[in-house]
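In: Here is a sequence with its predicted model. Questions after.
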Amino acid sequence: VRYEGRVWIRVGPRRAVASRDEERILIERRQAADLGFDRRAVPGATLDDLDLAYFSATYLVAAVTPDVIAENQRTVPQQLSALHLLSPQGLPNAAALLLLGKDPRAWLPGAYIQFVRFEGTELTTPIVDQKELAGRLDEVLRRAEELAALNIRTETRVRGTVVEQRRPDYPRAALQQLLRNAVMHRSYEVNAPVYWYWFSDRVEIHSPGGLYGRVTPEAFRQGAGVTDYRNPIVAAGLKLLGFVQRFGMGIPLARKDCLDNGNPEPEFEFQPSAFLAVVRRRA
């Protein structure tokens, strides 16, 4: 409780004026509670858990021009802090571990994509292939895009001496957008991964965490351009690294890519704690 510039605390059944140290602690606790999850410190994590060589050689260079880096002469912790990758207490936050961590899953167990390809159309059909895609988010997304390319089929017809290449069964760019969207907007507070199921007639991408903030099912379906970010530091980092061209355009681009390729529009299902995107195979 603040009264006439002072902070009052409860001491048993009575109230007392907080000391300066107690007031500082209370303020820090309130600030920590106000931060989004990706800005909160992860208990036990230290700078040793971050790939600082990757940060200096790749991430920092993408965020700040070399002349500014040379002019400022900041320490690595100061650079991390300036890019919102440390908590107010100077410890790695969840975004730092996801974007720069040596082993993000050691701290955030659900931070990976579980890929499963099935022979048929149901979860009970035989499994053709399965992989866990883990690591820094840039590594996860690059591996996911390589895996999508390997699983997409393009029909080839030979008529006499003419080889006719037909369109792929799934548009690679649409799957790319939907996977990036899932990794960027999912909840990392739960231990579940992103589930990427590839059936014989469709691809499903299941993300932990429902729609966030101002994004309602109605606005989403109408493509009203309403955006909100559960993980704003992660989103900013993925944009720096080139995985996001324009915020709020991932879903519209996926829709367009599907229609251009001859697939039905992607389907979306919303639940309070989950989000599902489905892309049907091109007929």
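Out: Perfect, thanks for sending it.

In: which stretches of the chain form helices?
Out: 20-34, 52-54, 60-63, 66-72, 76-82, 94-100, 137-151, 172-185, 217-222, 232-240, 250-261 (DSSP state H).

In: mean pLDDT for these: which is lowest?
Out: Lowest mean pLDDT within those: helix 20-34, a mean of 50.

In: quick one: contacts for the spatially most central residue of the chain?
Out: Taking CA atoms, centre = their mean as the criterion, Met184 is the residue nearest the geometric centre of the chain, at 2.2 Å. Taking CB atoms under 8 Å, 6 or more residues apart in numbering, we find Met184 in contact with Asn231, Val234, Ala235, Leu238, Phe243, Val244. Every residue, glycine included, has its C-beta placed from N, CA and C.

In: Low-confidence bits of the stretch 101-250 of the chain, can you list those?
Out: Along the stretch 101-250 of the chain, segments meeting pLDDT under 70 span 157-165, 219, 221-226.

In: ok, which stretches of it are strands?
Out: 112-118, 127-134, 154-159, 162-168, 194-198, 202-208 (DSSP state E, counting those that start in this stretch).

In: Point out the other helices and strands that the last one packs with.
Out: Using 3 or more CB pairs under 8 Å, 6 or more residues apart in numbering; DSSP states H and E as the contact definition, the elements that strand 202-208 packs against are helix 172-185, strand 194-198, strand 274-280.

In: would you turn the ones you listed into CSV with distance to Gly248?
Out: Shown next, in CSV, are those (distance: least, CB to CB, whole Å):
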stretch, distance to Gly248
helix 172-185, 10
strand 194-198, 20
strand 274-280, 16
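
In: Would you mind giving the strands of the stretch 101-250 of the chain as a markdown table with mean neighbour count and distance to Gln177 added?
Out: Converted to a markdown table, the strands of the stretch 101-250 of the chain look like this (neighbours: other CB atoms under 10 Å; distance: least, CB to CB, whole Å):
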| stretch | mean neighbour count | distance to Gln177 |
| --- | --- | --- |
| strand 112-118 | 19 | 15 |
| strand 127-134 | 14 | 17 |
| strand 154-159 | 9 | 19 |
| strand 162-168 | 11 | 15 |
| strand 194-198 | 21 | 14 |
| strand 202-208 | 20 | 10 |
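
In: I'd like these as JSON lines, with distance to Gln89 appended.
Out: Converted to JSON lines, the strands of the stretch 101-250 of the chain look like this (distance: least, CB to CB, whole Å):
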{"stretch": "strand 112-118", "distance to Gln89": "27"}
{"stretch": "strand 127-134", "distance to Gln89": "27"}
{"stretch": "strand 154-159", "distance to Gln89": "52"}
{"stretch": "strand 162-168", "distance to Gln89": "49"}
{"stretch": "strand 194-198", "distance to Gln89": "30"}
{"stretch": "strand 202-208", "distance to Gln89": "27"}
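
In: Any idea which of those strands gets closest to Phe37?
Out: strand 202-208 (12.1 Å; CB to CB).

In: and that closest one with strand 112-118, angle?
Out: When axes from the mean of the first three to the mean of the last three CA atoms, to 10 degrees is applied, the directions of strand 202-208 and strand 112-118 differ by 150 degrees.

In: Please identify the pairing partners of strand 202-208 and their relative orientation?
Out: Sheet pairing for strand 202-208, assigned by DSSP bridges, gives strand 194-198 (antiparallel), strand 274-280 (antiparallel).

In: Restrict it to CA atoms and write it as PDB.
Out: Extracted C-alpha coordinates of strand 202-208, given in PDB (Å, rounded to 0.1, in the frame of the first residue of the first chain):
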ATOM      1  CA  ARG A 202      -3.800 -33.300 -44.100                       C
ATOM      2  CA  VAL A 203      -1.200 -31.600 -41.900                       C
ATOM      3  CA  GLU A 204      -2.100 -30.500 -38.400                       C
ATOM      4  CA  ILE A 205      -0.100 -28.100 -36.200                       C
ATOM      5  CA  HIS A 206      -1.200 -28.100 -32.500                       C
ATOM      6  CA  SER A 207       0.000 -25.200 -30.400                       C
ATOM      7  CA  PRO A 208      -0.200 -25.000 -26.600                       C
END
